[in-house]
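> structure, please.
(one chain, ligands or ions: 2)
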Amino acid sequence: MTPEKSYELLDKYIENPNLKKHCYCVETSMKYYAKKLGEDEVRWGMAGLLHDLDWEKFPDTHPKTVIPILEEAGFDKEFIDTILSHSYPERTNIPRETTLAKYLFACDEITGFVTAYSLMKPGRFNDVESKGVIKKMKDKAFARAVNRDDIIKGAEEIGLDLSIHIQNIIEALKTDPRL
Ligand SMILES: [Fe+2]
Ligand SMILES: [Fe+2]
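Residues are numbered from 1 along each chain as shown. Ligands and ions are numbered 1, 2, ... in the order given. Down below sits the predicted model:
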């Protein structure tokens, strides 16, 4: 698999521009961490990009519906299991055991929250700091769809202080002109 093919898959299954942007956010965050950790940037980026591939067309079975799509595209079992482990454990029953899986989970909800928060700022991500994000997380009415517990759990699973993790995500998202 190549990033080019991954973008083709994304375009085939996702039309909603906001969902696409969410996928770019997670892709960019995963590439950022892969680079930091000396991991495979292409693989980590593709996991981020494709993690919600079936969300728009098959929300009731997400993320299970990715299995045949990603198998046909030639992805290996570890990659597919990574995506299966990022949400709805009651549907997939796949534990997050690898570093890749833990980081994917850790980057998912927080990128949504940081993006929503950045939309309130004139300078977007340049005007966002982790302190403000953590404060805003306590505002239950804001970005209600984002699961705060998963954000906290995600940082715990990768063993990072929440504010450091959030600052890393901000730094990553700053670099992406698509967002
Ligand atoms: Fe998801
Ligand atoms: Fe997601």
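
> is ligand 1 contacted by the host helix or strand of T115?
T115 belongs to helix 99-118 when assigned by DSSP states H and E. No. Helix 99-118 does not reach ligand 1 (Cβ under 5 Å from the ion); its nearest approach is 6.4 Å. Quick note: C-beta positions are derived from backbone N, CA and C, even for glycine.

> between the very next helix or strand once past that helix and helix 99-118, how big is the angle?
For helix 99-118, the succeeding helix or strand toward the C-terminus, using DSSP H and E, is helix 130-137. Between the axis of helix 130-137 and that of helix 99-118 there is an angle of 80 degrees, by axes from the mean of the first three to the mean of the last three Cα atoms, to 10 degrees.

> can you list the buried residues in stretch 79-94?
By neighbour count on 16 or more other Cβ atoms under 10 Å, the buried set for stretch 79-94 is 79-87, 92, 94.

> pLDDT and distance to ligand 2 added to these, as JSON lines?
Converted to JSON lines, the buried residues of stretch 79-94 look like this (pLDDT from 0 to 100; distance: Cβ to the ion, whole Å):
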{"residue": "F79", "pLDDT": "97", "distance to ligand 2": "16"}
{"residue": "I80", "pLDDT": "98", "distance to ligand 2": "16"}
{"residue": "D81", "pLDDT": "97", "distance to ligand 2": "16"}
{"residue": "T82", "pLDDT": "98", "distance to ligand 2": "13"}
{"residue": "I83", "pLDDT": "98", "distance to ligand 2": "10"}
{"residue": "L84", "pLDDT": "97", "distance to ligand 2": "13"}
{"residue": "S85", "pLDDT": "97", "distance to ligand 2": "13"}
{"residue": "H86", "pLDDT": "96", "distance to ligand 2": "7"}
{"residue": "S87", "pLDDT": "92", "distance to ligand 2": "7"}
{"residue": "T92", "pLDDT": "93", "distance to ligand 2": "14"}
{"residue": "I94", "pLDDT": "95", "distance to ligand 2": "16"}
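
> among these, which are in reach of ligand 1?
Contacts with ligand 1 within those, as defined by Cβ under 5 Å from the ion: S87.

> greatest separation within the buried residues of stretch 79-94: which pair is it?
Distance extremes for those: the farthest pair is F79 and S87 at 16.0 Å, using Cβ to Cβ.

> how close does K140 get to E156?
Counting by Cβ to Cβ, to the nearest Å, the separation of K140 from E156 is 21 Å.

> which residues of this protein lie near ligand 1?
Proximity of the chain to ligand 1 is assessed by Cβ under 5 Å from the ion, with 52, 87 identified as the residues in range.
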